[in-house]
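Chemist: turn this into a structure:
(one chain, ligands or ions: 2)
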Amino acid sequence: MTTKTIAFHSSRGGTGKTVIASNLATIWANKGFKVALLDLDFRAPSLAGIFLKALKKQYNFWLNDFISGRCKIEQALIDVANEYELKGKLFLGLANPSIEAIRGTMDKSQAWEVSAVKRLFSMRNTLSKKMGVDYIILDTSPGLQYSSINAVVSSDIAIIVTTNDEIDLGGAKSLIKDLYVELDKKPVVLINKIFPETNSSIEAEEKKIINKIEKQLKSPVLATILCYCEVLKAKRTTLLALENPDHPFVKKLETIAKTLFLTNKLNFEA
Ligand SMILES: Nc1ncnc2c1ncn2[C@@H]1O[C@H](COP(=O)(O)OP(=O)(O)OP(=O)(O)O)[C@@H](O)[C@H]1O
Ligand SMILES: [Mg+2]
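Modeler: Ligands and ions are numbered 1, 2, ... in the order given. Purely as a prediction, here's the structure:
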């Protein structure tokens with residue numbers, strides 16, 4: 001299949017980008033696809049804290065090293081398919097969580113940022129053409145960080161994850177106006193952590209929320225995901241897709257995986 005690059009973005013922190021990106025990557029990898037999951041949140045890296053089994057493997061380079069031109073993308077990837085007993089491939093590109101590395105990302109020049117976006121495009125090419133990766137999933141920082149903008153620019157499908165909270169929605173609206181409209185890029189919205197409040201059925205309530213948000217953000221909604229205590233309470237290292245595959249959160253992500261499989265950016269731009 002043609003490689004799909006999917007970026008998870010948000011206006012505010014904590015909307016669920018990382019949990020959704022990691023479980024979706026695991027679901028696809030377990031179905032036999034070749035998946036690359038990359039942590040572009042250099043200011044608050046999180047994948048290294050989730051995929052602990054990856055850190056037990058021998059590797060010398062972080063994704064930071066690739067973006068800065070210190071290694072090839074192949075050297076910054078760790079395949080954890082065996083460690084997590086996945087049918088396909090799951091290549092992780094981890095952001096360096098050390099304080100020095102995080103500090104080092106704070107004061108980059110504009111020239112560095114331009115070169116970083118070029119590196120991301122060349123990475124996409126290598127993963128697609130040389131390594132035959134089916135899905136490249138980019139987990140980003142919230143807002144207008146350079147690495148998130150780069151991720152959005154280099155993606156086929158940019159997903160804004162928001163809650164139904166008015167402050168999050170206001171932030172998403174500004175993000176769309178300030179970034180996506182400027183880039184002439186159409187995002188798709190994923191509404192996470194909803195909890196139906198009325199006595200009507202969940203389906204009816206979800207439809208109402210989708211209609212409201214599609215009008216408010218003038219963007220298509222990909223899906224809604226309910227707020228689940230089990231997701232909230234799970235340890236950072238828990239991949240629900242593997243540990244509890246029948247959980248409705250995982251089932252919903254499987255439906256989303258199918259929709260994304262059938263979608264290219266043109267469908268969302270129609
Ligand atoms: N559907 C859900 N139901 C309940 N809890 C959820 C759900 N989705 C995410 N969470 C929880 O919300 C918290 C934030 O999730 P996560 O770290 O994925 O957000 P994020 O958008 O990546 O945050 P950041 O912007 O800080 O990187 C986590 O505790 C996660 O378990
Ligand atoms: Mg995150």
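
Chemist: which residue packs closest to I191, ignoring adjacent ones?
Modeler: What sits nearest to I191 in space, not counting adjacent residues and going by Cβ to Cβ, 6 or more residues apart in numbering, is T224, at 4.5 Å. Just so you know, the C-beta spots here come from the backbone N, C-alpha and C atoms, and that holds for glycine as well.

Chemist: now do A204 against I210, distance only.
Modeler: Going from A204 to I210 by Cβ to Cβ, to the nearest Å gives 11 Å.

Chemist: okay, the two: which has more neighbours?
Modeler: Per other Cβ atoms under 10 Å, whichever of A204 and I210 has more neighbours is I210, with 18 against 12.

Chemist: so where does that one fall, helix or strand?
Modeler: Following DSSP states H and E, one finds I210 within helix 202-217.

Chemist: any idea how far the helix or strand just after that helix is from the chain center?
Modeler: Beyond helix 202-217 on the C-terminal side, the first helix or strand identified by DSSP H and E is strand 221-226. Here strand 221-226 shows a centroid-to-chain-centroid distance of 15 Å under the convention Cα atoms, centre = their mean, to the nearest Å.

Chemist: just the buried residues of the helix or strand following strand 221-226, please?
Modeler: With elements assigned by DSSP H and E, the helix or strand that comes after strand 221-226 is helix 229-233. For helix 229-233, burial by neighbour count (16 or more other Cβ atoms under 10 Å) applies to V231.

Chemist: and the stretch 1-150 of the chain, which residues reach ligand 1?
Modeler: Taking Cβ under 6 Å from any ligand atom as the contact definition, the stretch 1-150 of the chain meets ligand 1 at 10, 13-19, 41, 44, 46, 142.

Chemist: to what extent is A29 buried, counted in neighbours?
Modeler: 26.

Chemist: residue contacts, it?
Modeler: 35, 81, 84, 86-90 (Cβ atoms under 8 Å, 6 or more residues apart in numbering).
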